[in-house]
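Engineer: below are the sequence and a predicted model for it; my questions follow.
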Amino acid sequence: MSPRSAGKAQAKLYAKNRRRREIELEMFSSTTKKNTKTTSISSILPDGSIIRPLIPEDAPLVNSWWEYGSAKSLSLVRRRIEIDPIGICFGISSKTDGLNDVEELVACIMRYEGGAIGMLHVRESHRRRGYALALLKYVTQILQDQGEERVAFIVDGNTASESLFTAAGWERADPNQKRGTGKRKAKRKWIHV
């Protein structure tokens, strides 16, 4: 391929990707506008921390917390924040410096493209404050209000997540399914009823 035709192919690919993003935004814009009231209202927790929608600027931090995060996954995280049809991308901002009232993102939860809840993370220094449960209950209520399926996948042996989801009213989709005992742990489906 000559340099000239390579440039044309690249320009074509760029235009195609740009048009795809425009179409995605058009497809989701009516849903996003319809649900703006639900997701734009922040919720204040008893300790003064705020549950708020994630913004694209949060993507690098959220990506760094995600166990599957990489340079390539950053665009996926950013895209989920920008165009999630229902807006299930939330974080908790907390004042980390009492003197300057600096608010920092200390926890997050998102929804994967397939609709499952995931990427739930609380910064180590802010654990045991109920942030994960607050985020999970908040997101569960929004999904329930929207009539959306409430689903998550938890790896066998992740007792912290299993306890958290149980406390929020979730249960295993198939409680009789045998747990994996090998090195490769299975992801089990959890639902909110």
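Structural biologist: Okay, I see it.

Engineer: quick one: contacts for the most centrally placed residue in the chain?
Structural biologist: Per C-alpha atoms, centre = their mean, the C-alpha nearest to the average position across the chain is that of residue 110, at 0.9 Å. Taking C-beta atoms under 8 Å, 6 or more residues apart in numbering as the criterion, residue 110 is in contact with 54, 62, 77, 80, 81, 84, 88, 89, 90, 117, 118, 119. Yep, even glycine has a C-beta here, placed from its N, CA and C like the rest.

Engineer: between these, which is closest to residue 172?
Structural biologist: Within those, proximity to residue 172 (C-beta to C-beta) peaks at residue 117, which comes in at 14.4 Å.

Engineer: that closest one: neighbouring residues, count only.
Structural biologist: Other residues near residue 117 number 23, with proximity taken as other C-beta atoms under 10 Å.

Engineer: now the residue nearest to the centre of the chain: how far from residue 44?
Structural biologist: Residue 110 is 21 Å from residue 44, where distance means C-beta to C-beta, to the nearest Å.

Engineer: just residue 189 next, same as before
Structural biologist: Residue 189 sits 33 Å away from residue 44, taking C-beta to C-beta as the criterion.

Engineer: who has more neighbours, these two?
Structural biologist: For residue 189 against residue 44, the residue with the higher neighbour count under other C-beta under 10 Å is residue 189, and the figures read 13 against 10.

Engineer: ok, the nearest residue to that one once chain neighbours are set aside - how many residues close by?
Structural biologist: Excluding the flanking residues, the one nearest residue 189 by C-beta to C-beta, 6 or more residues apart in numbering is residue 173, at 4.0 Å. Residue 173 sits with 14 neighbouring residues when counted by other C-beta under 10 Å.

Engineer: tell me which residues touch residue 173, please.
Structural biologist: Residues counted as contacts of residue 173 (C-beta under 8 Å, 6+ apart) are 151, 188, 189, 190, 191.

Engineer: got the phi/psi numbers for it?
Structural biologist: Note on residue 173: backbone dihedrals following degrees, to the nearest 10 are phi -60, psi -40.

Engineer: give me the distance between it and residue 192.
Structural biologist: 10 Å.

Engineer: and if you look at residue 155?
Structural biologist: 18 Å.

Engineer: neighbour count winner among these two?
Structural biologist: Under the criterion of other C-beta under 10 Å, the comparison of residue 155 against residue 192 puts residue 192 first, with 20 against 14.

Engineer: wait, that one sits on residue 172?
Structural biologist: No: with contacts defined as C-beta atoms under 8 Å, residue 192 does not count as touching residue 172, sitting 11.4 Å away.

Engineer: and the residue nearest to residue 189, how far is that from residue 142?
Structural biologist: In this structure, residue 173 lies at 21 Å from residue 142, with C-beta to C-beta as the measure.

Engineer: count of residues packed around residue 166?
Structural biologist: Burial of residue 166, expressed as a neighbour count using other C-beta under 10 Å, amounts to 12.

Engineer: lowest mean pLDDT among the helices and strands of this structure, which one is it?
Structural biologist: When the helices and strands of the chain are scored by mean pLDDT, DSSP states H and E, helix 3-40 comes last with a mean of 52.
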